[in-house]
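A.B. asks: Pasting a predicted model and its sequence here:
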Amino acid sequence: DVVEHGGGEPGCQASDEEAGGPGGRGTETSRTMKSMTFSPSRAPTQARAGGTDPAKKLWVPKRRGQANPKLHASPASAAEGAQKLILPEGLYCETIYKTQRRPTSTVWVGNVPIGSEHPIARQTMTTTDTKNVDATVEQVMKCADAGADLVRVTVQGGREAEACMHIREKLFKYGYDTPLVADIHFNPKVALMVCDAFEKIRVNPGNFADGIKKFDDLTYESREQYDAEVEQMEEIFTPLVEKCKKLGRALRIGTNHGSLSARILSYYGDTPDGMVESAFEFARVCRKHDYHNFLFSMKASNPLVMVKAYRLLAAEMYKLDWNYPLHLGVTEAGEGEDGRMKSSIGIGTLLMDGLGDTIRVSLTEDPELEMEPCSRLALLGTEATDMGIGVSPFVESHRNFESFEKRKGVLPEPVDEASPYDVSKALHRDGSVFSVVSLKDLENPDILYRDLGCKFVLGLPFKDIATSDSVIMPELPDASDAQAMLALKRLQEGEVCVFSPLSELRRNPIKGGVALVTSEEFASSAGDAASLLPEGITDFALQVTGEEAEETLALVKAAATKPVCLILKTNEGSSRVHVSRRFFETIANLGLDSPVIHYLVLNGSHKDDIIITGGAECGALLVDGLGDGVVIEGSEFGTEFLRLTSFGMLQGCRMRSTKTDYVSCPSCGRTLFDLQEVTNAIQEKTGHLPGVTIAIMGCIVNGPGEMADADFGYVGTVPGKIDLYVEKDVVRKGVKMDEAVDELIDLIKEYGRWVDPEPAEESV
């Protein structure tokens, strides 16, 4: 009865004839990507029969989806209301030591198959008024040409549903058979109408049958009262299930963290557990009617919540022996580099786990611009699974995917806090950022100080809120180079610590320098690093690859002089995620509590290469609390960009806040104002408020819910009018748009969260 390994086999797949054939756009033209091939004509795989599989020691239900009674006990108390999720220990993906795609059934959306036997499908969503048929058709074609395999369209009411018929017809006329997805909120009748036109329907379990989001605390006097609401939901949802089954349409049961029903909130609160149960209520209805052409999504604007929700969902499906595909996305991620970073952390983490069959990168930008980062993430996940990147098997007992707990490295104690050279200033308690600095950078010190994020006081550089905590200098200047030494000294006096290889500090032992000692050098000294240091140097950091023998790391634990931190720089060609997971497991077993800084060497021709690869590979570790900081080295990009990317990664992983955080929706046909223009205007005036989160929502579909994670909210309600929120509560209604940004600032001031931006001072 104990699940030691899990994952359902792929379910039965539709034949080419049933699916309308594999040809046309979306199968060959728009789905061409490096390392991506698929065969829609694979033979069907038979569903697993009942009984026990002795080879895998699996408990196998007699019918798919039947719960193991020892894991699924119905609550005895009527007050508990809903079924409590009880998770199997540690099981949410195929393996934790390499990237192996979770086996799923195939869901057919028109001519596009979604599932583990096929390439990761890429999606986006139109931002046009759906009633404007020509504009919507043009945008769909633009998205398809940019690589979209599916395009979602918002469908609010009957007029939009009627327009969808014309949109579909025109696209066919122009030779575009890219499947279309209807985005439905609040309106079951509209879902039934548009089912005649589009290949897939997305329903939000939080508002499909329960209406607009409310935060009422509901109390149920009996289990019957709770179940009556579930039965009402089933009655409303069943006609759509039956119609989708009859017409061969697909469904996405798309839960949003910000729009859970009042019923779910009353029992689970705004939690990942509630997100999973919300989706499962709808999935049980589908299964009851023997309809299986559906998949799940668990979106949230917070990447940590999003990752946890998908992992909980996958774990529960393993337990039930369900194998439905997953649609991944971080909702309301925002725009620009921050939006790409949040999406890379959330989506990339799950792809490294082997989870995810279709993805959307939600940005507050034109929809076709989402396709480049989306394609990069899809390729990253595909190559990881195709190559089977990973390490040899190991047992993991410390990382807990069910919680948000973080491993806390113990920072060095201050020796002389008044001294700018004190090594305690090298690291930050909420997460550290290091920058790599070259000798050439010292030739223009003022530019270097700005790139490192320093502020100027009386013309001299000092640490600011987003200044690099420390720098790594692979090569030090000669002691005789007065100009370079002065530039370095001023940086140190501004409380920026300097790390350099042991060999360099032996050549030029600069005051306050921290020696980078390799694990080989450390082992050769039998753990006595102090004996390696030149006169005048008292501190060292240990540079490791993550593949050291346990005996070497045990020397660190036993050493009289402890390293300031461990610099984890994995070997080229190794899997950063899996090598690092094993390394953290090893040092946890040893009781080693030194801070760990991830050292990434990233190269590429585009900034997105750095953001997406870094966000996916390092973010996958930081969201699990594995790491205390980051340094990014990239020869193609400047120090400022790499520093800001590092800080963006820490903020996206909810570690260190150095600027205002924005939750802004990507816009759709429901949006009541120009989101990009308004977002830019708000960012321009409020971007200097670290620790403050502002939500910018085009409509009320997810606005109130997603703003539960924000301090202040700016939400379109009717054309030309804005409602302003403080957390979940509307505090100013019907504000004129041309006054709303200033009113938002007044609101921030009223609640004591405003600070005036500091005037910039020039260097001397």
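C.D. replies: Great, that's in hand.
A.B. asks: show me what contacts Lys733?
C.D. replies: Shown in contact with Lys733 (CB atoms under 8 Å, 6 or more residues apart in numbering): 717, 723. Every C-beta, even on glycine, is put in place using the N, C-alpha and C of the backbone.
A.B. asks: what's the helix or strand for it?
C.D. replies: strand 729-736 (DSSP states H and E).
A.B. asks: who does that strand pair up with?
C.D. replies: strand 721-726 (antiparallel) (DSSP bridges).
A.B. asks: Which residues outside the strand it pairs with are in contact with it?
C.D. replies: Residues from elsewhere that reach strand 721-726 (CB under 8 Å, 6+ apart): 673, 695, 703-704, 707, 710-717, 730-737, 740, 743-744, 747, 751.
A.B. asks: and if you look at stretch 501-517?
C.D. replies: 420-421, 423, 426, 470, 472-479, 485, 488, 492, 497-500, 518, 521, 529, 532-537, 539-543, 563-564, 567.
A.B. asks: which among these end up buried?
C.D. replies: Buried by 16 or more other CB atoms under 10 Å: 420-421, 423, 426, 470, 472-473, 476-477, 485, 488, 492, 497-500, 518, 521, 529, 532-533, 537, 539-543, 563-564, 567, out of the contacts of stretch 501-517.
A.B. asks: Just name the shakiest helix or strand of the protein by mean pLDDT.
C.D. replies: strand 58-60 (a mean of 25; mean pLDDT, DSSP states H and E).
A.B. asks: Count residues in the vicinity of Gly388, would you?
C.D. replies: Using other CB atoms under 10 Å, Gly388 has 12 neighbouring residues.
A.B. asks: can you list the weak-confidence ranges in the stretch 201-350 of the chain?
C.D. replies: Confidence mapping of the stretch 201-350 of the chain against pLDDT under 70 gives the ranges 211-221, 333-335.
A.B. asks: which stretches of it form strands?
C.D. replies: In the stretch 201-350 of the chain, the strands defined using DSSP state E, counting those that start in this stretch lie at 250-256, 294-299, 327-328.
A.B. asks: would you turn those strands into TSV with mean neighbour count and distance to Lys308?
C.D. replies: As requested, those are arranged in TSV below (neighbours: other CB atoms under 10 Å; distance: least, CB to CB, whole Å):
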stretch	mean neighbour count	distance to Lys308
strand 250-256	27	13
strand 294-299	27	9
strand 327-328	26	13
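A.B. asks: Phe282 is nearest to which of those?
C.D. replies: Set against Phe282 and scored by CB to CB, these come closest in strand 250-256, at 4.8 Å.
A.B. asks: contacting residues around that closest one?
C.D. replies: Contacts for strand 250-256 (CB under 8 Å, 6+ apart): 107-109, 114, 181, 199-206, 240-241, 244, 275-276, 278-279, 282-283, 286, 291, 293-300, 309, 327, 331, 702, 705-706.
A.B. asks: now the angle between strand 294-299 and that strand, please.
C.D. replies: 20 degrees (axes from the mean of the first three to the mean of the last three CA atoms, to 10 degrees).
A.B. asks: Any chance you could give me strand 250-256 in CSV, C-alpha atoms only?
C.D. replies: The C-alpha trace of strand 250-256 is given here as CSV (Å, rounded to 0.1, in the frame of the first residue of the first chain):
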residue,chain,number,x,y,z
ALA,A,250,-10.8,19.9,-25.0
LEU,A,251,-11.2,21.5,-21.6
ARG,A,252,-8.7,23.2,-19.3
ILE,A,253,-9.6,23.3,-15.7
GLY,A,254,-7.7,26.4,-14.9
THR,A,255,-7.5,27.3,-11.2
ASN,A,256,-6.2,30.8,-10.2
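A.B. asks: Can we start the residue count at 28 from this point?
C.D. replies: Understood, numbering begins at 28; the last thing we discussed is strand 277-283.
A.B. asks: Partner strands of it and their direction?
C.D. replies: Strand pairing for strand 277-283, determined by DSSP bridges: strand 227-230 (parallel), strand 321-326 (parallel).
A.B. asks: so what's Val217 closest to, chain neighbours aside?
C.D. replies: Ala188 (5.1 Å; CB to CB, 6 or more residues apart in numbering).
A.B. asks: Tally up the residues packed near that neighbour, please.
C.D. replies: Using other CB under 10 Å, Ala188 has 24 neighbouring residues.
A.B. asks: before we move on, what SS does it have?
C.D. replies: helix (DSSP: H, G, I helix; E, B strand; the rest coil).
A.B. asks: roughly how far apart are it and Gly573?
C.D. replies: Separation of Ala188 from Gly573 (CB to CB, to the nearest Å): 54 Å.
A.B. asks: Which strand or helix spans Ser632?
C.D. replies: Taking DSSP H and E as the definition, Ser632 sits outside all helices and strands.
A.B. asks: One more: the one 4 residues further on?
C.D. replies: Assigned by DSSP H and E, Asp636 belongs to helix 634-644.
A.B. asks: And the helix or strand that that helix is followed by, what does it pack against?
C.D. replies: Sequence-wise, the next helix or strand downstream of helix 634-644 (DSSP H and E) is helix 646-649. Contacts defined by 3 or more CB pairs under 8 Å, 6 or more residues apart in numbering; DSSP states H and E place helix 646-649 against helix 363-379, helix 603-617, helix 666-679.
A.B. asks: Give the next helix or strand downstream of helix 646-649.
C.D. replies: Once helix 646-649 ends, the next helix or strand along the chain (criterion: DSSP H and E) is strand 656-660.
A.B. asks: can you pull the contacts of the residue minimising distance to the centre of the chain?
C.D. replies: Centroid check for the chain by CA atoms, centre = their mean gives Gly373 as the closest residue, at 1.4 Å. Contact analysis of Gly373 by CB under 8 Å, 6+ apart lists 330, 333-334, 355-357, 646.
A.B. asks: do Val334 as well
C.D. replies: So Val334 contacts 372-373, 376-377, 650 (CB under 8 Å, 6+ apart).
A.B. asks: nearest to Asp161, of those?
C.D. replies: Distance to Asp161, by CB to CB, is smallest for Gly373 among those, at 34.6 Å.
A.B. asks: roughly how far apart are that closest one and Asn320?
C.D. replies: Between Gly373 and Asn320 the distance is 26 Å, computed by CB to CB.
A.B. asks: what's the most buried one of the helices and strands packed on helix 646-649?
C.D. replies: Highest mean neighbour count among the helices and strands packed on helix 646-649 (mean count of other CB atoms under 10 Å): helix 363-379, with a mean of 28.
A.B. asks: orientation of that one relative to strand 321-326 in degrees?
C.D. replies: 130 degrees.
A.B. asks: secondary structure class for the residue sitting furthest away from the middle of the chain?
C.D. replies: Within the chain, the residue lying farthest from the chain centre (CA atoms, centre = their mean) is Ser507, at 48.3 Å. Judged by three-state DSSP, the three-state class of Ser507 is coil.
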